[in-house]
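Visitor: Just to be clear, the model below is a prediction. Sequence and coordinates:
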Amino acid sequence: MLRIVKYVLLDIIQNKILIGYTLFLFFVSIGLFNLSDDPTKGVIGLINVFLTVIPLVSIVFSTIHFYNSYEFIELLASQPVKRSLILWSQFWGLVFAMLLSVLIGVGIPIIIFSPTAAGFSLFFSVLGLSLVFVSIALLASVLTRDKAKGIGVVLLLWFFFALLYDAIVLFMMFALADYPLEKVMLLFVSINPIDLARVAVLLQLDISALMGYTGAIFREFLGTWWGIAYAFSILFAWATIPMLIAIRVFRKKDL
């Protein structure tokens with residue numbers, strides 16, 4: 001398995017798109033931190049950019065890579081290699097490549113300009129989101145053989161999590177304003193990994209009031225170390241469960 005992961009990783013890190021993605025993260029981070037002497041404003045700016053861009057690139061790049069590697073995957077499947085090892089190799093190769101990009105593009109600027117709890121919370125949140133959306137991408141890719149359909153599915157998933165989900169939650173908040181929804185909102189945030197990462201970082205910045213009337217309940221729970229552990233545990237579950245489903249489907253799939 002390690003040899004396959006090494007091959008996949010070496011193939012990915014030479015990709016010009018991934019190199020451009022890494023440089024984009026790095027220069028955007030440097031630029032936003034240099035716009036103001038207050039590193040907190042830089043972190044807020046990075047939240048608005050990275051919690052949208054990083055999931056998009058992770059899910060689309062992983063999907064395209066899987067389909068482009070399909071002949072290699074078929075070759076491995078014809079060998080005495082377990083199918084679960086083949087898919088795990090693709091997963092870890094993609095994950096290591098994405099984490100390397102985030103480490104260089106986000107981690108280094110944060111260490112230089114904002115080595116604070118909020119900065120590191122943002123860094124680990126985008127790391128978690130990279131894992132989550134690589135996992136979702138592989139599940140979507142395994143479920144459909146058609147490349148165009150697979151890319152369309154992952155784009156719809158990203159659109160739902162990044163944009164549409166918030167609109168649905170806001171509609172429910174207004175429609176059910178007469179009912180106590182504070183604790184229910186904790187469940188709503190857990191369903192969306194992007195919202196969960198955003199709330200965890202905002203709470204570290206001590207600006208939970210900007211999140212509306214549910215800010216108090218989030219601070220009460222997610223504002224503690226146990227709450228932060230809960231947030232990252234849910235992100236871990238988001239990264240693990242789709243991948244386990246993908247492996248189960250891939251084992252029975254007719255290549």
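Guide: Received it, and whenever you're ready, just let me know what you need. Numbering: from 1, shown residues only.
Visitor: Can you show me the helices along the stretch 1-150 of the chain?
Guide: Assigned by DSSP state H, counting those that start in this stretch, the stretch 1-150 of the chain shows helices spanning 2-13, 16-34, 39-68, 70-77, 83-102, 108-113, 117-143, 147-159.
Visitor: tell me what the third one is packed against?
Guide: This points to helix 39-68. Packing contacts for helix 39-68, counted by 3 or more Cβ pairs under 8 Å, 6 or more residues apart in numbering; DSSP states H and E, involve helix 16-34, helix 83-102, helix 117-143, helix 147-159, helix 193-204. Where C-beta positions appear, they are placed from N, C-alpha and C, glycine not excepted.
Visitor: Hey, what's the angle from it to helix 83-102? Just curious.
Guide: 150 degrees (axes from the mean of the first three to the mean of the last three Cα atoms, to 10 degrees).
Visitor: what does the last one give?
Guide: Calculated by the same axes, to 10 degrees, helix 147-159 forms an angle of 50 degrees with helix 83-102.
Visitor: who wins for proximity to residue 242 among the helices of the stretch 1-150 of the chain?
Guide: Minimum separation from residue 242 across the helices of the stretch 1-150 of the chain (Cβ to Cβ) falls at helix 117-143, 4.2 Å.
Visitor: from the chain's centre, how far out does that closest one sit?
Guide: Put simply, helix 117-143 sits 2 Å off its chain's centre (Cα atoms, centre = their mean, to the nearest Å).
Visitor: about what we covered before: would you tell me which of the helices and strands packed on helix 39-68 gets closest to residue 247?
Guide: That would be helix 83-102 among the helices and strands packed on helix 39-68, by Cβ to Cβ, at 5.0 Å.
Visitor: and the closest one, what other elements does it pack with?
Guide: Judged by 3+ Cβ pairs under 8 Å, 6+ apart, helix 83-102 is in contact with helix 2-13, helix 16-34, helix 39-68, helix 70-77, helix 117-143, helix 225-252.
Visitor: angle of it against helix 117-143?
Guide: Taking the same axes, to 10 degrees, one finds helix 83-102 and helix 117-143 inclined to each other by 140 degrees.
Visitor: Show the average pLDDT along helix 83-102.
Guide: The pLDDT scores in helix 83-102 average 90.
Visitor: what comes into contact with that helix?
Guide: For helix 83-102, the external contacting residues (Cβ atoms under 8 Å, 6 or more residues apart in numbering) are 1, 4-5, 7-9, 11-13, 18, 21-22, 25, 54, 58, 61-62, 65-66, 69, 73, 76-77, 123, 126-127, 130-131, 134-135, 137-138, 142, 243, 246-247, 250-251.
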